[in-house]
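J.: whatever this is, show me its structure:
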Amino acid sequence: MSQSGRNGLTYSDAGVDIDAGNLLVEKIKPAVRSTRRPGADGEIGGFGGLFDLKAAGFTDPVLVAANDGVGTKLKIAIDADYHETVGIDLVAMCVNDLVVQGAEPLFFLDYFATGKLDPDQGAAIVGGIAAGCREAGCALIGGETAEMPGMYSSGDYDLAGFAVGAAERGQLLPAGDIAEGDIILGLASSGVHSNGFSLVRKIVELSGLGWEAPAPFAEGAALGEALLTPTRIYVKPLLKAIRETSAVKALAHITGGGFPENIPRVLPKHLAAEIDLAAVKVPPVFSWLAKTGGVEAKEMLRTFNCGVGMIAVVSAENAVAVTAVLESEGEKIITLGRIIARAEGAPGTVYKGTLAL
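T.: Take a look at the predicted model:
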């Protein structure tokens with residue numbers, strides 16, 4: 001006899017609660033509605049999400065797609081029992097990858113997998129996803145919630161996101177006119193963002209601190225809360241700079257691999273980025289991680305953003321104009337370096353100065 005007292009097993013006996021899934025859908029509908037934009041004004045619950053590309057106002061669009069996750073930052077959210085912001089991270093990791101192509105994010109879908117569905121926890125996560133979508137200007141048009149008993153330990157979950165954007169055919173980035181002497185602008189990060197958290201967690205373990213302990217690098221905040229600061233979404237300021245100045249030649253999202261892995265991805269093979277490490281304003285969290293874990297500067301630079309979450313390549317004569325637009329939108333900008341010639345076989349990123357960890 002099943003746990004419910006009836007003869008024969010039910011799906012619920014196997015660990016899947018359809019009613020909990022339906023309750024979650026009802027809980028998140030207001031958050032999802034709050035992300036509506038031109039091209040997307042439907043309700044969730046259909047077999048597929050709809051988007052009207054013509055209503056979005058494009059003339060000759062090229063679609064750009066990206067997908068990503070939050071990585072082991074989720075373990076901190078789970079252990080600290082704080083789930084309200086990881087959805088912002090999920091959106092940020094996807095839409096920041098779209099805007100570096102010059103694309104405006106249009107719509108987003110999420111995948112939420114867990115061993116046992118908690119509708120309140122799920123609603124908190126999706127609430128964060130909706131907040132990220134609003135900040136990026138894209139619509140949350142659907143997603144998948146997968147309750148998979150036996151696949152995940154109790155309380156564990158995973159997230160994946162999928163974003164689609166569009167750019168007019170002639171406005172895709174990187175542009176083909178990047179040249180020696182161009183300036184590299186750095187846009188400040190909000191913290192660790194969503195990369196390198198396996199190393200972060202190892203360092204915290206070595207420190208002996210718990211997630212509720214005061215953060216040594218953030219006054220008035222618990223360690224878990226401080227490390228869960230959501231990834232900055234750069235979409236609207238960058239799109240404004242692209243459209244108002246027509247002077248942005250390339251953008252690079254500084255994620256896993258840091259400067260040496262991400263900046264060369266947007267440069268021609270004959271050019272390299274010369275980075276002035278002394279110009280980087282390193283946030284206290286990175287100094288604490290480096291000192292507590294004994295992490296060398298080179299390893300920090302290839303693991304973390306170290307305070308710069310996005311870079312923009314512009315000509316020297318347009319650097320002031322682009323900086324002004326970005327600063328008017330609340331971004332903190334530094335002159336990070338310049339574009340130089342690259343010899344065959346040479347690295348795509350070279351450093352001068354010292355990182356002030």
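J.: which residues in the chain form helices?
T.: Counting by DSSP state H, the chain has these helices, from start to end: 18-33, 73-80, 86-99, 119-136, 197-207, 223-227, 235-245, 258-262, 284-293, 297-303, 319-328.
J.: domain ranges for the chain?
T.: With automatic domain parsing as the criterion, the domains of the chain are listed as 12-171, 183-352.
J.: mean pLDDT lowest where, among these?
T.: Comparing mean pLDDT across the domains of the chain, the weakest is domain 12-171, with a mean of 94.
J.: ends of that domain, what's the gap?
T.: One end of domain 12-171 to the other measures 52 Å (Cα to Cα, to the nearest Å).
J.: before we move on, what about stretch 254-262?
T.: 6 Å.
J.: again, but for stretch 25-43
T.: End-to-end distance for stretch 25-43, by Cα to Cα: 11 Å.
J.: also stretch 57-64?
T.: Counting by Cα to Cα, you get 16 Å between the two ends of stretch 57-64.
J.: ok, now stretch 292-309?
T.: Across stretch 292-309, first to last residue, Cα to Cα, it's 22 Å.
J.: got it, and stretch 128-148?
T.: By Cα to Cα, the extent of stretch 128-148 from end to end equals 22 Å.
J.: how many residues are close by the closest residue to residue 70 other than its chain neighbours?
T.: For residue 70, ignoring the flanking residues on the chain, the nearest one in space by Cβ to Cβ, 6 or more residues apart in numbering is residue 89 at 4.7 Å. C-betas here are computed from N, CA, C, even on glycine. Using other Cβ atoms under 10 Å, residue 89 has 28 neighbouring residues.
J.: just checking, residue 89 touches residue 73?
T.: Yes - contact criterion Cβ atoms under 8 Å: residue 89 and residue 73 qualify, at 6.4 Å.
J.: got TSV for the helices of the chain, with distance to residue 344 too?
T.: Output for these, formatted as TSV (distance: least, Cβ to Cβ, whole Å):
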stretch	distance to residue 344
helix 18-33	51
helix 73-80	38
helix 86-99	29
helix 119-136	39
helix 197-207	33
helix 223-227	41
helix 235-245	32
helix 258-262	18
helix 284-293	33
helix 297-303	22
helix 319-328	29
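J.: which of these sits closest to residue 111?
T.: Nearest to residue 111, of all these, is helix 86-99, at 9.5 Å by Cβ to Cβ.
J.: can you give me how far that closest one is from the chain middle?
T.: Distance of helix 86-99 from its chain centroid, counting by Cα atoms, centre = their mean, to the nearest Å, is 3 Å.
J.: so what secondary structure elements neighbour that helix?
T.: If you count contacts as 3 or more Cβ pairs under 8 Å, 6 or more residues apart in numbering; DSSP states H and E, helix 86-99 packs onto strand 61-69, helix 73-80, strand 104-114, helix 119-136, strand 157-168, helix 235-245, strand 248-253.
J.: angle of it against strand 248-253?
T.: Counting by axes from the mean of the first three to the mean of the last three Cα atoms, to 10 degrees, helix 86-99 points 150 degrees away from the direction of strand 248-253.
J.: now the angle between helix 235-245 and helix 86-99, please.
T.: Using the same axes, to 10 degrees: helix 86-99 against helix 235-245 is 20 degrees.
J.: so what sits against both of residue 89 and residue 73?
T.: Counting by Cβ atoms under 8 Å, 6 or more residues apart in numbering, the common neighbours of residue 89 and residue 73 are residue 194.
J.: got CSV for the domains of the chain, with distance to residue 177 too?
T.: Compiled in CSV, the domains of the chain are given as follows (distance: least, Cβ to Cβ, whole Å):
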stretch, distance to residue 177
domain 12-171, 13
domain 183-352, 6
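J.: which of the helices and strands packed on helix 86-99 sits closest to residue 96?
T.: Distance to residue 96, taken as Cβ to Cβ, is lowest for strand 248-253 among the helices and strands packed on helix 86-99, at 4.6 Å.
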